[in-house]
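K.L.:
any chance you could fold what I've pasted below:
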Amino acid sequence: MKKPVLVVMAAGMGSRYGGLKQIDPVGSQGEAILDFSLFDAHEAGFETAVIIIKEAIREDFMATVGKRLEKCPMEIRYAYQEMDKMIPAGYTVPEGRTKPLGTSHAVLCAYNEIDGAPFAVLNADDYYGKDAFKVIYDYLCNAQDGDKNDYCMVGYLLGNTVTDHGSVARGVCQADENGNLADIVERLKIEKYEGGIHFTEDDGATWTDVAADTIVSMNMWGFTPSFLEELKKQFPEFMEKQIPANPPKAEFLLPRSVDAMIKEGICTVKILKSADRWYGVTYAADKPMVVAALKALTDEGKYPDGLWK
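P.N.:
This next block holds a predicted model:
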C-alpha cells in the first residue's frame, strides 16, 4: 500500500475575499496558510503533497508560495484545475463560464498526481490545526476498502469555524451510532448573530438557528483511491442535470459527492473529531485575526519563526 498523499485545493477564485487568498501572507516571514498546513502535514507523517492550482495563477503562485516550498522537505507535485480537464465524453462546459466546476472536479484534476495512493484533501485557505493532520494521516495508513469503501473526514465544532465578517458555507453533519457520517447537508450561508448562529436558504427571508456544537465539515476528507473512480461515475450526471439548471454557477462539490455515496451504500465515512479552532480568510477583514492567531502559536513554540529554513 502506498503512503498517504496530501491534496491541497488552491484553485478557488476567492471572490468573497477579493484576491488570491491562496498566496496572501499571514506568517512572520510571508508564509501563506498553505505553508502552515504543509508544515503540520509533514510533522504528522505526510511525505508528498499535490497542490491544485489554475494556469491563470501559476506564475504568481510559483513566484511566491512555490519559491518558498523549494525548501519544504516534502515532495511537491502540481495539478491544474482547468475547465476542459476530466470532462466526461459527450459533454461540454457552458460557453463563457469562468467559475471553477467545484471541489470534486478539482480532485479529479489531480488524478494522475495522486497516482493510486490514499489521500487527504483540504482547502489551501483554511487553517486546520495540528491534530487534524495527525488523526487523518493515522487513519489513512490503515484504511482498507471492504464491502464498503473506507473513507473519513475531520469534523469541527461549528462555533469554532464561523467568522465575524459575513457568511460561510459549511457541510452540516449528522453521525450514526457508530460514529460514521450518516448525512451531510451543504449550508451555503451560515452567519453569526448576537444570539447565536443561524443559516438561510432563501437569501435572508427566513433563518434557522443551528447549535454551536454541531459537527461540520471543513472539506478535510480522507479517501482510498476508489474515491476517484466513484467521482468519475458521478460526473456525467452532474454535467447532464446540474449544469443545465445553472450554467454559470453549478458546482460538483465534495460534500454532495460523499453524501450521494453514503446514501447509495458505497462507503462508510468515519468522523474524526477535532477540537482545534479553525482560522481562515473567507473575507479580507478576517486576515488580521489569522495573522494574530498564527503569531501567538509561533510565540508559544508550536511553529518556528520562519517555517522553511
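K.L.:
this protein: helices as residue ranges?
P.N.:
With DSSP state H as the criterion, the chain has helices at 33-44, 58-61, 67-68, 103-109, 111-114, 130-142, 226-237, 243-245, 254-263, 287-299.
K.L.:
ranking those helices by mean pLDDT, which is last?
P.N.:
The weakest mean pLDDT among those belongs to helix 58-61, with a mean of 84.
K.L.:
contacts only, for Y279.
P.N.:
Residues near Y279 by CB atoms under 8 Å, 6 or more residues apart in numbering: I33, D126, Y127, M289, V290, A293, L294. For the C-beta atoms, the positions are set from N, CA and C on the backbone; glycine is no exception.
K.L.:
partners of the least confident helix or strand in the chain by mean pLDDT in the sheet?
P.N.:
Within the chain, no helix or strand scores below strand 279-280, which has a mean of 82 by mean pLDDT, DSSP states H and E. Partners of strand 279-280 in the sheet, by DSSP bridges, are strand 126-127 (antiparallel).
K.L.:
mean confidence score for the partner strand?
P.N.:
Taken as a whole, strand 126-127 has an average pLDDT of 90.
K.L.:
do the same with stretch 202-216
P.N.:
For stretch 202-216, mean pLDDT rounds to 94.
K.L.:
and the contacts of that stretch?
P.N.:
155-159, 161, 170-175, 187, 189-190, 195-200, 271, 273.
K.L.:
can you tell me which of those residues are in strands?
P.N.:
Using DSSP state E to define strands, the subset of the contacts of stretch 202-216 located there is 155-157, 170-175, 187, 189-190, 196-199, 271, 273.
K.L.:
alpha carbons of stretch 74-91, as PDB, please.
P.N.:
The C-alpha trace of stretch 74-91 is given here as PDB (Å, rounded to 0.1, in the frame of the first residue of the first chain):
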ATOM      1  CA  MET A  74       8.000  17.200   1.200                       C
ATOM      2  CA  GLU A  75       7.800  16.200  -2.400                       C
ATOM      3  CA  ILE A  76       5.600  18.800  -4.000                       C
ATOM      4  CA  ARG A  77       3.600  18.000  -7.100                       C
ATOM      5  CA  TYR A  78       1.300  20.300  -9.000                       C
ATOM      6  CA  ALA A  79      -2.100  19.600 -10.700                       C
ATOM      7  CA  TYR A  80      -4.100  22.100 -12.700                       C
ATOM      8  CA  GLN A  81      -7.900  22.600 -12.500                       C
ATOM      9  CA  GLU A  82      -9.000  23.800 -15.900                       C
ATOM     10  CA  MET A  83     -12.500  23.900 -17.400                       C
ATOM     11  CA  ASP A  84     -11.900  21.300 -20.000                       C
ATOM     12  CA  LYS A  85     -10.000  18.800 -17.900                       C
ATOM     13  CA  MET A  86     -11.500  15.400 -17.000                       C
ATOM     14  CA  ILE A  87     -14.800  16.400 -18.600                       C
ATOM     15  CA  PRO A  88     -16.800  13.200 -19.500                       C
ATOM     16  CA  ALA A  89     -17.100  12.300 -23.100                       C
ATOM     17  CA  GLY A  90     -20.000  13.900 -24.900                       C
ATOM     18  CA  TYR A  91     -20.300  16.900 -22.500                       C
END
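K.L.:
brilliant, that's me finished.
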